[in-house]
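Colleague: Sharing a model that was predicted from the sequence below.
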Amino acid sequence: MLGRLIENFVTLFVVLDPIGSVPIFLNATARVEPALRKRVALVAVLVGSLVLMLFLYLGQYLLEQMHIGIPAFRIAGAVILFVFALHMIFGGHHEGGAAETHRTPAEIAVFPVAMPGIASPGALCAVVLLTDNNRFSLGEETITAGLTLFIMGLVLLALLAATRIQRLLGNAGISVITQIMGLILASFSVQQMIDGIVETFGLVVAH
């Protein structure tokens, strides 16, 4: 149980990446008044948390209604997570775009900070894979939900301290941390792909 908790925490921390969210937030809010940046951070984390919770509890039911099995989603999700990880390692996944000039702080909080900055495709895939209804009870899924919300709290703290973090680590420091997390995520995605293949073909793997 403890091992699974640690694995889930590390996976969620990597895909949500509190430090990696800082460049997106700073670029998106470059033209937002400093007094309103705190509101942008709060709204972004709230929206991101809501989306993640919806996918965590309801994502698999939606897949089942579409006749998509968890093994298939596990393999597809693993591929997406692997590509996501490669971008983190080689392509600067967390580089933000140009500053938003014609949108309200609330709109900026929803896009691009909350989605796809925080609740990224990789994060949405991860929460569904980590709460497979066929493998985990509702109580275990709720524990994973708690871990997710705890890390979202860390994301909020990182966004509120974004200017200080950038000043302390610099773009190079943030890039190094993102690349290390990308390597961990790549390993997790490969394991998920193997598990999905094993489930699909009913293979027996010796441990």
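Modeller: Now that the structure is in, tell me what you want to look at. Numbering: from 1, shown residues only.
Colleague: Low-confidence stretches in the chain?
Modeller: Counting by pLDDT under 70, the chain shows low-confidence ranges at 92-101, 203-207.
Colleague: And the next helix or strand past the host helix or strand of Ser49?
Modeller: Per DSSP states H and E: Ser49 is located in helix 34-65. Note on helix 34-65: by DSSP H and E, the next helix or strand toward the C-terminus is helix 70-86.
Colleague: ok, Val198 - how many residues close by?
Modeller: Val198: 14 surrounding residues under other Cβ atoms under 10 Å. Yep, even glycine has a C-beta here, placed from its N, CA and C like the rest.
Colleague: rewinding a little: tell me how far the helix holding Ser49 is from the chain's mean position?
Modeller: Put simply, helix 34-65 sits 11 Å off its chain's centre (Cα atoms, centre = their mean, to the nearest Å).
Colleague: Show me which residues of it are buried.
Modeller: 37, 40-41, 43-45, 47-49, 51-53, 55-57, 59-60, 63 (16 or more other Cβ atoms under 10 Å).
Colleague: same deal with stretch 177-189?
Modeller: So, applying 16+ other Cβ under 10 Å, buried residues of stretch 177-189: Ile177, Thr178, Gln179, Met181, Gly182, Ile184, Leu185, Ala186, Phe188, Ser189.
Colleague: Could you do stretch 128-147 as well?
Modeller: Val128, Leu129, Leu130, Thr131, Asp132, Asn133, Glu140, Glu141, Ile143, Thr144, Ala145, Leu147.
Colleague: Asn133 against Leu58, yeah?
Modeller: No - with contact defined as Cβ atoms under 8 Å, Asn133 and Leu58 do not form a contacting pair (10.6 Å).
Colleague: Now Leu159. Nearest residue, chain neighbours left out?
Modeller: Spatially, and ignoring its direct neighbours in sequence, Leu159 is nearest to Ala41 (3.8 Å; Cβ to Cβ, 6 or more residues apart in numbering).
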